[in-house]
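1. Provide a 3D model corresponding to the input given below.
(2 chains)
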Number of protein chains: 2
Amino acid sequence: MSKLCVRGFAVSLDGFGAGTDQGLEYPLGVRGPELMEWFFPTRVFQRMHGFGEDGETGVDNDCAERGFDNIGAWILGRNMFGPVRGPWPDDSWRGWWGEEPPYRVPVFVLTHYARAPLEMAGGTTFQFVTGGIHQALERARDAAGGRDIRLGGGAATIRQYLRAGLVEDLHLALRPVLLGRGESLFAGLDLDALGYECERTQAGERATHVFLRKRAA
Amino acid sequence: MSKLCVRGFAVSLDGFGAGTDQGLEYPLGVRGPELMEWFFPTRVFQRMHGFGEDGETGVDNDCAERGFDNIGAWILGRNMFGPVRGPWPDDSWRGWWGEEPPYRVPVFVLTHYARAPLEMAGGTTFQFVTGGIHQALERARDAAGGRDIRLGGGAATIRQYLRAGLVEDLHLALRPVLLGRGESLFAGLDLDALGYECERTQAGERATHVFLRKRAA
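-> Down below sits the predicted model:
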């Protein structure tokens, strides 16, 4: 059966998965881009966004690349999809990624406000789920065709799925920065009691890669 | 001038510097020893405790060894010194380390309860400071003879000194374990606003070594 996993989710040394003041100007919050600086230079990122450069290979690139293997659907929290809060004023916001987003599979966006599916170029369809995390997972599973489901974030969404024990494994990219404030991935979450353990860590060029998994029952 | 520094303080991936239920049976709390497993096998630990084995050399050992360079005094929170809480019932508790502790310099123990200094074999003297963190630092500075002062912990004591902006730099040993609960080093502490940054990280055999420092003013 397809599993729900987190891949390449970046956190600061002090445990933040995003900075403060997320919005149009700062999709990942103030200083959020520092979390992503392990990913931007990689070959997989450069090619994905068609920058026509080959990008860097190495541990960071390998880890990033494996994060796209065998993914049949994504789940995103609403703030990962855009800066709009509350009811959708209209259908003009179409995601951060332009008309051809890099997902190329169905993407289920958690929201409290219904909206018609959004078919983008290149295979990505954004589908808006108002029934909560279990419903999103069910629909993603139906859509994934036996492949895995990648939970993109943000931190609050990952925490919800972790609390429910629904995440099979996580690859975190631990960045050597201190954000000081923002959205904490770990605070108040007892990952040990929830059944998670660290499988291994691997030093990359710009991040330490941390692999967490559910312990065998 | 001698500086106040943290060396080789172990934290879990989820930011805990000690487990829960610290006491005589669990000096570092339940699962606390897992935090120390990067240190136990090193040559510096093995020699320090006279186990007559040479221990392992490598990155972990190098980092541990440098933590003892040029240290003229230590500061410890009371729970690092022992499991006794509240007023001292008598002078029978003499630390976790036997009659010849590995410090070999003056050690200033923060406590709310006065107690006569305790002279141990090998150069260690435990001195009990009731006047708070600034007084302990002042006395340690007087005793250190120009050498540095190592702040041994625990997490609560380090947090107090960080909040006061008194720590010059920190070497943390990030262990690939999830404690889930315990004493958090980071929670509620805005290290960015307090002026700290990550200088570098280094992969060791059993920990990722993280070097934090105060930004140049």
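
2. C-alpha from now on. contacts and neighbour counts both.
-> Fine.

3. apart from its chain neighbours, what residue comes closest to residue A:65?
-> residue A:44 (6.0 Å; CA to CA, 6 or more residues apart in numbering or on different chains).

4. repeat for residue A:208
-> With CA to CA, 6+ apart as the criterion, residue A:208 has its nearest non-adjacent residue at 5.0 Å, and that residue is residue A:174.

5. settle this for me: that neighbour is touching residue A:10, isn't it.
-> Yes. Assessed by CA atoms under 8 Å, residue A:174 is found in contact with residue A:10 at 5.8 Å.

6. what ranges does chain A have for its strands?
-> Secondary structure of chain A by DSSP state E: the strands cover A:4-12, A:16-18, A:71-77, A:106-110, A:118-119, A:125-129, A:148-153, A:169-175, A:183-184, A:196-203, A:208-214.

7. which of those strands is buried the deepest?
-> Stretch with highest mean neighbour count among the strands of chain A: strand A:16-18 (a mean of 29; mean count of other CA atoms under 10 Å in any protein chain shown).

8. okay, the strands of chain A in JSON lines with mean pLDDT next?
-> Converted to JSON lines, the strands of chain A look like this (pLDDT from 0 to 100):
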{"stretch": "strand A:4-12", "mean pLDDT": "97"}
{"stretch": "strand A:16-18", "mean pLDDT": "94"}
{"stretch": "strand A:71-77", "mean pLDDT": "97"}
{"stretch": "strand A:106-110", "mean pLDDT": "98"}
{"stretch": "strand A:118-119", "mean pLDDT": "97"}
{"stretch": "strand A:125-129", "mean pLDDT": "98"}
{"stretch": "strand A:148-153", "mean pLDDT": "97"}
{"stretch": "strand A:169-175", "mean pLDDT": "98"}
{"stretch": "strand A:183-184", "mean pLDDT": "94"}
{"stretch": "strand A:196-203", "mean pLDDT": "97"}
{"stretch": "strand A:208-214", "mean pLDDT": "98"}
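
9. save the ones you listed as TSV, and put in distance to residue B:187 too.
-> Below are the strands of chain A laid out as TSV (distance: least, CA to CA, whole Å):
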stretch	distance to residue B:187
strand A:4-12	13
strand A:16-18	11
strand A:71-77	24
strand A:106-110	28
strand A:118-119	39
strand A:125-129	33
strand A:148-153	21
strand A:169-175	17
strand A:183-184	9
strand A:196-203	20
strand A:208-214	20
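
10. and chain A, which of its residues are near chain B?
-> Within chain A, the positions adjacent to chain B are A:14-15, A:176-181, A:186-187, A:189-193, A:196-203, A:210 by CA under 8 Å from any CA of the partner chain.

11. redo that, cut-off 10 Å
-> A:13-15, A:174-182, A:184-204, A:206-208, A:210-212 (CA under 10 Å from any CA of the partner chain).

12. excluding its backbone neighbours, what's nearest the spatially most central residue of chain A?
-> The centroid of chain A falls nearest to residue A:152 when counting by CA atoms, centre = their mean (1.7 Å). Once flanking residues are discounted, residue A:152 sits nearest to residue A:76: 5.3 Å by CA to CA, 6+ apart.

13. contacts only, for that neighbour.
-> A:107-111, A:126, A:128, A:136, A:150-154, A:157-158 (CA atoms under 10 Å, 6 or more residues apart in numbering or on different chains).

14. tell me the one of those residues nearest chain B?
-> residue A:158 (14.7 Å; CA to the nearest CA).

15. rewinding a little: I'd assumed residue B:14 was in contact with the residue nearest to residue A:208.
-> No. Using CA atoms under 10 Å, residue A:174 is not in contact with residue B:14, being 11.3 Å away.

16. overlap in contacts, those two.
-> Counting by CA under 10 Å, 6+ apart, the common neighbours of residue A:174 and residue B:14 are A:13-15.

17. by neighbours, which of these wins?
-> Within these, most neighbours by other CA atoms under 10 Å in any protein chain shown means residue A:14, with 28 neighbours.

18. for that residue, give me its contacts.
-> Contacts of residue A:14 (CA under 10 Å, 6+ apart): A:174-182, A:184-186, B:13-15, B:185-187, B:189-192.
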